[in-house]
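S.K.: Sequence and predicted structure below; questions after.
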Amino acid sequence: MKVLKFVDLSWEISDDSPIYPGDPEPKVTTTHTIKKDYYNLSGVYVGTQTGSHVDAPYHFSNDGETIDNMELDFFFGEAVVIKVTDKKAEEKITMADVMPYDKKIKPNTIVLFNTNWYKHRGTEAFYHHPYVSGEVAEYLVEKGVRFIAIDTMNADKSNGTEFPVHDLFSANRLMIGENWAYMDKIDFENVIVAAFPMKIQGCDGSPVRAVAMEVGY
């Protein structure tokens with residue numbers, strides 16, 4: 001296998017990293033400088049859901065697995081990009097959107113939902129994004145998908161009281177990636193995705209450096 005191209009699917013970590021309203025606000029500070037201390041060093045404070053991140057089952061269940069105990073093979077593998085860039089604010093991603101990709105979705109496939117909603121960052125519209133329907137989530141679980149990711153801040157509808165996608169994936173010990181970006185830059189077939197979390201003990205998730213790779217054989 002040869003990697004022909006890389007596409008970064010991640011937001012930067014900074015004071016302005018996009019977060020779900022009410023989550024811990026990120027902060028990056030300079031703690032040491034070459035002029036004063038002979039080396040540069042920074043302090044970084046982030047929430048487990050800051051910027052581009054993954055949710056472990058524990059995020060929505062006290063009985064769910066924490067991020068440090070999820071096997072690494074969850075976070076690396078062949079991917080299918082489902083293009084749903086025609087979706088409007090708070091519109092569901094439905095089975096009609098997914099079925100054209102049915103033959104490509106196989107057990108352990110990583111499914112990426114490309115809404116292009118990441119382009120609304122910095123606007124009120126960013127918080128009123130499209131989302132994955134419960135029916136689609138159930139279909140993907142039945143197909144053997146263990147990891148989905150979306151370029152909105154939430155796989156479920158935000159600001160609501162029901163989270164069917166999170167509940168289903170948590171109950172089945174599966175992974176969700178959220179607040180990713182730049183999926184529209186994936187202009188190739190044979191997509192491999194890597195999105196490894198930090199090994200944070202006993203936690204609900206982690207920021208990731210999510211990357212799509214074009215591969216040749």
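M.R.: Perfect, I can see it now.

S.K.: So which residues of the chain form helices?
M.R.: Listed in chain order, the helices of the chain (DSSP state H) span residues 34-37, 95-98, 134-142, 164-171.

S.K.: which one of those has the most crowded surroundings?
M.R.: Stretch with highest mean neighbour count among the helices of the chain: helix 164-171 (a mean of 21; mean count of other C-beta atoms under 10 Å). C-beta here means a position set from N, CA and C on the backbone, and glycine is covered the same way.

S.K.: tell me which strands and helices that helix is in contact with?
M.R.: Counting contacts by 3 or more C-beta pairs under 8 Å, 6 or more residues apart in numbering; DSSP states H and E, helix 164-171 packs against helix 134-142, strand 175-178.

S.K.: quick one, which of these is nearest to residue 18?
M.R.: Closest to residue 18 of the helices and strands packed on helix 164-171 is strand 175-178 (C-beta to C-beta; 10.2 Å).

S.K.: Sheet-wise, list the partners of the closest one with their directions.
M.R.: strand 53-55 (antiparallel), strand 147-150 (parallel) (DSSP bridges).

S.K.: CA atoms only: put that strand into PDB for me.
M.R.: Taking C-alpha atoms only, strand 175-178 is exported to PDB below (Å, rounded to 0.1, in the frame of the first residue of the first chain):
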ATOM      1  CA  MET A 175     -17.600   5.200  17.900                       C
ATOM      2  CA  ILE A 176     -18.700   8.600  16.600                       C
ATOM      3  CA  GLY A 177     -16.600  11.400  15.200                       C
ATOM      4  CA  GLU A 178     -17.900  15.000  15.200                       C
END
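
S.K.: which residues sit against that strand?
M.R.: Residues outside strand 175-178 that contact it (C-beta atoms under 8 Å, 6 or more residues apart in numbering): 49, 52-56, 70, 74-75, 146-150, 152-155, 165-166, 169, 195, 208, 210.

S.K.: Which residue is the nearest non-sequential neighbour of the most centrally placed residue in the chain?
M.R.: For the chain, residue 177 is the residue whose C-alpha lies nearest the centre (C-alpha atoms, centre = their mean; 2.2 Å). Ranked by C-beta to C-beta, 6 or more residues apart in numbering and with sequence neighbours excluded, the top spatial neighbour of residue 177 is residue 149, at 3.0 Å.
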